[in-house]
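>>> here is my input; please provide its structure:
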Amino acid sequence: MAEKKIEQPNPDKLSPGKLLIWRTAPFSVAASFIVISYLSIYCTDTLGMPAALVGTILLASKVFDGVTDLFAGYLIDRTNTRFGKGRPYDFALIGVWVSTILMFSVPDFGLVGKSIWVFFAYVFANGVFATLYNAAQGPYVMRAWPNMRVITKTQSYGGAIGTLFTSFVSIGFPIMMRRMAVSTSGWSRVVLMFAIPILIIGSLRFFFIKEQYEVGLKTAEKIRLKDIVQVLKVDPYVWVAAIISFLAFVLSGMHVATYYFTWIVGDIGKYGTLQSLTLFMLTSMFFFPKIIKKYSVSFVISWGAISGLIGSIFNFIGGSNMILLAIGFIFTGLAMLPTSYLLPLMVLNCGTYNEWKGLDRFDGTMGSVRFFMDKVGAGIGSALLGFLLGASGYNGSAAVQADSALAMIRASYSIIPFVIYILILIVIRFYKVDKMLPQIEKDLVERRAAAAAQGETLS
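So this is what the prediction gives:
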């Protein structure tokens, strides 16, 4: 009688249900970022605050925020609870959304009071709660999924799902903003409409996805600050990834589109309509795992930057022509997808490089370096836009803007992004881990097998 063959489970299989639940928390925090991106125009056009002052407040809060990132990484690398290392910090989403609601519910305290309120609400949303959440993502993802092949699929396919989810916020928020956000109370109602259901959805991941896999060295409780300093010296590639992320966040921090569609196109609602094109871009995310298998993460990010250059040219010549602006939106949107969803893989690969060097992975610290640069980049982007608008004579209370202000808005929507994409193409050339990764993974497999065999011999 023939022996029945037992099928072994595929270690690279990705469960659609688990993937969907996994993306609920990233969707929630991404949605909060979309809402917060409207803070600048809320402050200038609704609260009547000077654009340069708003830029200064956001820059100051981002600098504070960036410093807390480094401490958050140290804290999470030392965390070891019955719920895991990164998973407990999903509850920081509550703080993110409560702070966001307060951010768009500024009382009429006068200019100084408004400035203090905005500063602290922004600091708590980003510098405390989002910082803890983001720093925990590397340790969480490494322990929730069995290997890097599955994690790559998670980032790519999950990125498509995340983009689909967030597109509803990207499309819906400016439309509801146009209809309801005509006063401070109107802004509060709009934010609440999005905050409550999205927070509930984002909380699902903690309850359904556990940390199941052990990775790296079991030294979390022994990690010292000097160990972190050492790994940051040994691993130069995490700084390359962090600089690329910094440049991307300078662009997103500016969020000049709100001003562009308000004053150049003349209808912020059309920006929401344009966001529907995001659904078209989703298809590209499904090709990322196959492309990365054949090429590399840095290759995909490089081509994304080239796409951004093309999009910036269309935005430069677009004016108020929605067809040209739609083409520019597609190309710049495709440019942002790799940096949004594949940069975490670059950082995780840096953790693998650290392990290869005989160190702890330091996934929390690696992620925190990147998030530190993200926050500084976003702060500089916000401040840069504020300073440029202030210098050009922008007045949020005016019915008509000066020609100099309109010219500055157009330049900020096209020329500055063009320069930043060129810088990304230059910096990405210094990321060498992609080429080393096959040998690194081979060596680590051999080391683990040898360690396991030695353990069996001793027992």
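>>> now the phi/psi pair for the closest residue to residue 181 other than its chain neighbours, please.
The spatial neighbour of residue 181 that comes closest, neighbours along the chain excluded (C-beta to C-beta, 6 or more residues apart in numbering), is residue 187 at 4.6 Å. Quick note: C-beta positions are derived from backbone N, CA and C, even for glycine. With angles defined as degrees, to the nearest 10, residue 187 sits at phi -60, psi -40.
>>> please report how far residue 187 lies from residue 99.
Taking C-beta to C-beta, to the nearest Å as the measure, residue 187 and residue 99 are separated by 15 Å.
>>> in the stretch 201-350 of the chain, which ranges drop under the pLDDT threshold?
Where the stretch 201-350 of the chain drops to pLDDT under 70, the residues are 216-231, 279, 282, 285-286, 289.
>>> where along it do the helices fall?
204-208, 225-234, 237-254, 257-259, 268-275, 278-285, 288-294, 297-318, 322-341, 343-356 (DSSP state H, counting those that start in this stretch).
>>> give me the residues contacting the fourth one.
Translated: helix 257-259. 37-38, 40-41, 174, 268, 271, 385, 389, 409, 412-413 (C-beta atoms under 8 Å, 6 or more residues apart in numbering).
>>> filter those residues down to just the buried residues.
The neighbour count (16 or more other C-beta atoms under 10 Å) marks 37-38, 40-41, 174, 268, 271, 385, 389, 409, 412-413 as buried among those.
>>> out of the residues you listed, which is nearest to residue 127?
Among the buried ones among the contacts of helix 257-259, residue 37 lies closest to residue 127 (C-beta to C-beta), at 16.6 Å.
>>> surely the closest one meets residue 256?
No: look at residue 37 against residue 256 with C-beta atoms under 8 Å: they stay out of range, at 10.4 Å.
>>> got the buried residues for the host helix or strand of residue 166?
Residue 166 is located in helix 148-180, with elements delineated by DSSP states H and E. Across helix 148-180, burial judged by 16+ other C-beta under 10 Å covers 148, 150-163, 165-178.
>>> can you check what angle separates that helix from helix 268-275?
Inter-element angle recorded for helix 148-180 and helix 268-275: 160 degrees (by axes from the mean of the first three to the mean of the last three C-alpha atoms, to 10 degrees).
>>> pLDDT (mean, whole number) over helix 148-180?
Mean per-residue pLDDT for helix 148-180: 82.
>>> sorry, back to before: and the residue nearest to residue 181, how close does it get to residue 135?
30 Å.
>>> of these two, who's got more company?
A direct count of neighbours by other C-beta atoms under 10 Å for residue 187 and residue 135 places residue 135 higher, at 33 against 22.
>>> chain neighbours aside, what residue packs nearest to the more buried one?
Residue nearest to residue 135 in three dimensions, not counting chain neighbours: residue 72, with 4.0 Å by C-beta to C-beta, 6+ apart.
>>> hang on, isn't the one you found packed against residue 132?
Yes: with contact defined as C-beta under 8 Å, residue 72 counts as touching residue 132 (5.4 Å).
>>> need the residues touching each of the two.
Common neighbours of residue 72 and residue 132 (C-beta under 8 Å, 6+ apart) do not exist.
>>> and the two? which has more neighbours close in?
For residue 72 versus residue 132, neighbours defined as other C-beta under 10 Å are more numerous around residue 72 (27 against 24).
>>> for the more buried one, give me the pLDDT.
79.
>>> that one is in what secondary structure piece?
In this assignment (DSSP H and E), residue 72 forms part of helix 51-77.
>>> got the angle between that helix and helix 237-254?
In terms of direction (the same axes, to 10 degrees), helix 51-77 departs from helix 237-254 by 140 degrees.
>>> next SSE downstream of helix 51-77?
helix 92-103.
>>> quick one: the helix or strand following that next one to helix 92-103, angle?
Once the chain leaves helix 92-103, the next helix or strand it forms, by DSSP H and E, is helix 110-122. Angular relation of helix 110-122 and helix 92-103 on a 0 to 180 degree scale: 170 degrees, by the same axes, to 10 degrees.
>>> now do the buried residues in helix 110-122.
In helix 110-122, counting by 16+ other C-beta under 10 Å, buried: 114-115, 117-119, 121-122.
>>> also stretch 233-253?
235, 237-253.
>>> same check, this time on stretch 270-278
Within stretch 270-278, the residues that qualify as buried are 270-272, 274-275, 278, counting by 16+ other C-beta under 10 Å.
>>> next: stretch 439-451.
residue 440.
>>> name the residues that touch it?
Outside of stretch 439-451, the residues within contact range by C-beta under 8 Å, 6+ apart are 148, 352-353, 355-356, 433.
>>> chain center to that stretch, what's the gap?
Distance of stretch 439-451 from the chain centroid (C-alpha atoms, centre = their mean, to the nearest Å) equals 32 Å.
>>> circling back: where is pLDDT lowest across the contacts of helix 257-259?
Comparing the contacts of helix 257-259 by pLDDT, residue 268 comes last, at 81.
>>> isn't it up against residue 262?
Yes: in terms of C-beta under 8 Å, residue 268 counts as a neighbour of residue 262; the distance is 4.9 Å.
>>> middle-most residue in this structure, spatially?
In the chain, the residue lying closest to the centroid (C-alpha atoms, centre = their mean) is residue 340, at 5.6 Å.
>>> leaving out sequence neighbours, find the closest residue to that residue.
Nearest residue to residue 340, sequence neighbours excluded (C-beta to C-beta, 6+ apart): residue 159, at 6.9 Å.
>>> would you mind listing the residues in contact with the one you found?
Residue 159 makes contact with 285, 288, 337, 340-342, according to C-beta under 8 Å, 6+ apart.
>>> which residue, other than its chain neighbours, is closest to residue 215?
Using C-beta to C-beta, 6+ apart, the closest residue to residue 215 is residue 142 (4.9 Å).
>>> burial of that neighbour, as a residue count?
So residue 142, with other C-beta under 10 Å, has 23 neighbours.
>>> wait, it touches residue 154, no?
No: with contact defined as C-beta under 8 Å, residue 142 does not count as touching residue 154 (11.1 Å).
>>> element containing residue 140, please.
Using DSSP H and E, residue 140 falls in helix 137-144.
>>> can you name the residues in contact with that helix?
22, 26, 76-77, 79, 84-87, 89-90, 151, 154, 209-216, 344, 347-348, 351, 361, 363-364, 366-367.
>>> great, nothing more from me.
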